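Chemist: Give me a model of this one.
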Amino acid sequence: MKKDAKSKKKSRLRLLHQYYGYTGFYSFVGKSLKKAIIPILVFIAAIFAIDYFVLDLNKVLVTITETYSPAGILSVFFASESLLGLVPPELFIAWAGKSELPIFYLSLLAAASYLGGIVSYFIGVGITKIPAVHKQMEINLAHHIKNARKWGGFLIIVGALLPIPFAMSSIAAGIIRFPFMSYLMFGLLRFVRFYAYALVIFGMV
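Modeler: Below is the predicted model:
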């Protein structure tokens, strides 16, 4: 009985592996990683260049922490993560690194991103109830929606971990009505991304 269960499990994993291979999931992840490396390297190079040639970034970040309230900065970030995620999270992580409580504010940023993703998910759900908007979004987000239908939770994992707009994956998940509880579980990986990036960015600033 145990051998049968193991063999069935292996067969199921093999079929999943073949499915993701045939549908281009591994290729998609590989391309996403390649695309992710370039922005990260550019961001790191820009940080060093600006800090060395233009201005002292440490002073700028300290000034921001002294001028603007944490609630205001977190609100701006939450709004960005709830819509299209246009503002790079790395900038806010750098801000957290210069705050009085780096880990605390980093955790709040991760939570804001996670909650922003949930808002994006329900934006996607709401879009399906407005035919004209739904039709337009099906066109604008065709690539994300197509991938969401093919790969489901794995696309959410990629969106949560890699430097691509998490809001896009979340809206697509809402449009296809991906199971909400599963979305919440996969979305928790957003915290992993923020803590991993902080290990690098905190050392730079």
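
Chemist: now for whichever strand or helix holds residue 132, which elements pack on it?
Modeler: Per DSSP states H and E: residue 132 is located in helix 131-140. Applying 3 or more CB pairs under 8 Å, 6 or more residues apart in numbering; DSSP states H and E, one finds that helix 131-140 contacts helix 102-127, helix 166-175. From N, CA and C alone the C-beta is placed, and that goes for glycine too.

Chemist: now for the ones you listed, which one comes closest to residue 11?
Modeler: Nearest of these to residue 11, taken as CB to CB: helix 166-175 at 28.3 Å.

Chemist: Other residues contacting the closest one?
Modeler: 81-85, 113, 116-118, 120-128, 134, 137-138, 141, 144-145, 147-148, 155-156, 158-160, 183, 187, 190 (CB atoms under 8 Å, 6 or more residues apart in numbering).

Chemist: 6 Å - rerun?
Modeler: Contact with helix 166-175 is made by 84-85, 117, 120-121, 123-125, 127-128, 141, 144-145, 148, 155-156, 159, 183, as judged by CB atoms under 6 Å, 6 or more residues apart in numbering.

Chemist: how about that helix as PDB, C-alpha atoms only?
Modeler: The C-alpha trace of helix 166-175 is given here as PDB (Å, rounded to 0.1, in the frame of the first residue of the first chain):
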ATOM      1  CA  PHE A 166       2.800  41.900  -7.400                       C
ATOM      2  CA  ALA A 167      -0.400  43.900  -8.000                       C
ATOM      3  CA  MET A 168      -0.500  42.600 -11.600                       C
ATOM      4  CA  SER A 169      -0.500  39.000 -10.500                       C
ATOM      5  CA  SER A 170      -3.000  39.700  -7.800                       C
ATOM      6  CA  ILE A 171      -5.400  41.500 -10.100                       C
ATOM      7  CA  ALA A 172      -5.100  38.600 -12.600                       C
ATOM      8  CA  ALA A 173      -5.800  36.100  -9.700                       C
ATOM      9  CA  GLY A 174      -8.900  38.100  -8.800                       C
ATOM     10  CA  ILE A 175     -10.200  38.200 -12.400                       C
END
